[in-house]
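Undergrad: Build me a structure from this.
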Amino acid sequence: MIWKDYFDLERDYKAIVRSFDEDAYLSEAVKAYYGVRILNQDPWEALCSFIISQNNNIPRIKGIISRLCETFGEEIDENCYTFPSSKKLSGLTAEDLSSIRAGFRAKYIIDAAQKVQSKEIDIYGLSNLPLKAAQDALIKIKGVGPKVADCALLYGCKHYDAFPLDVWMKRVLSELYGENLPNCNQKYLGIAQQYLFHWRRNLDSIEIVQAKK
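TA: Numbering: from 1, shown residues only. Okay, the predicted model is just below:
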């Protein structure tokens, strides 16, 4: 069933979070927010959405994606549209996207669509590549750096070893680990990142946890 894969319900998250027990901060994060999961989004949709997310805020991201779907997707129900395919967008220009108000991101969306459509980047095969090879493939796209690549790989390509680093997560690592990575199974760094992100964002004071070490 589609929803089982989307919510990653067949993955043994209990076993995964048990591997976090040796890390004091991860252990606290799991206790506080047990049940965090990674959604398995469509690889193309994830890539395009994270390109749109660059230097952006959530309301604007949602608005751009909504306009993208309404303008270039297919209507499948009243006010309900599909996400436009790479094939559809690859034949457009950045100027064609002016109505969705994506700004400088428009040319990146078009470049991504063209590279995916031409198979220069096998977006649906990235899950089968080692992380470094998958990252190297995505950063060939104009405007895609390590953070966007890792987000697309984690949320769209089942690369649970990807560890997206934005300004907030760099601050968290510096505060908790001295800029090192968490002490956990490297295969699940992306899941660890989600726990740490949500936990630290909602924590009032880190001193309490530090005292427990």
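Undergrad: Show me the strands in this structure, by range?
TA: Listed in chain order, the strands found in the chain under DSSP state E are 75-77, 80-81.
Undergrad: Tell me which of these is the most buried.
TA: Mean neighbour count, computed with mean count of other Cβ atoms under 10 Å, is highest for strand 80-81 among these, reaching a mean of 14. In short, each C-beta sits where N, CA and C put it, glycine included.
Undergrad: and that strand, which strands flank it?
TA: Strands that pair with strand 80-81, judged by DSSP bridges, come out as strand 75-77 (antiparallel).
Undergrad: which stretches of this structure aren't confidently modelled?
TA: Regions of the chain meeting the criterion pLDDT under 70 cover residues 205-213.
Undergrad: Residue 41 against residue 154, yeah?
TA: No: using Cβ atoms under 8 Å, residue 41 and residue 154 do not qualify as a contacting pair, with a distance of 9.8 Å.
Undergrad: Any idea how many residues pack against residue 92?
TA: As a burial measure, the neighbour count of residue 92 was computed by other Cβ atoms under 10 Å and equals 16.
Undergrad: my guess is it meets residue 110, correct?
TA: Yes: taking Cβ under 8 Å as the definition, residue 92 is a contact partner of residue 110 at 6.2 Å.
Undergrad: what number of residues lie near residue 169?
TA: Here the neighbour count serves as a burial measure; for residue 169 (other Cβ under 10 Å) it reads 16.
Undergrad: for the chain, what spans make up the helices?
TA: Ranges of helices in the chain, per DSSP state H, are 2-6, 13-18, 24-33, 43-52, 58-72, 86-90, 105-117, 131-138, 146-156, 167-177, 189-201, 207-212.
Undergrad: Break this structure into its domains for me.
TA: Following automatic domain parsing, the chain resolves into domains at 2-38+163-212, 43-156.
Undergrad: which residues touch the spatially most central residue of the chain?
TA: When the chain is reduced to its mean C-alpha position, the closest residue under Cα atoms, centre = their mean turns out to be residue 151, at 2.8 Å. The neighbourhood of residue 151, defined by Cβ atoms under 8 Å, 6 or more residues apart in numbering, consists of 46, 50, 53, 162, 164.
Undergrad: For these, name the two members farthest from one another.
TA: Of all pairs drawn from these, the widest gap by Cβ to Cβ lies between 53 and 162 and measures 15.4 Å.
Undergrad: Compare the two (neighbour count), which wins?
TA: Neighbours per residue, other Cβ under 10 Å: of residue 53 and residue 162, the larger number sits with residue 162, 22 against 19.
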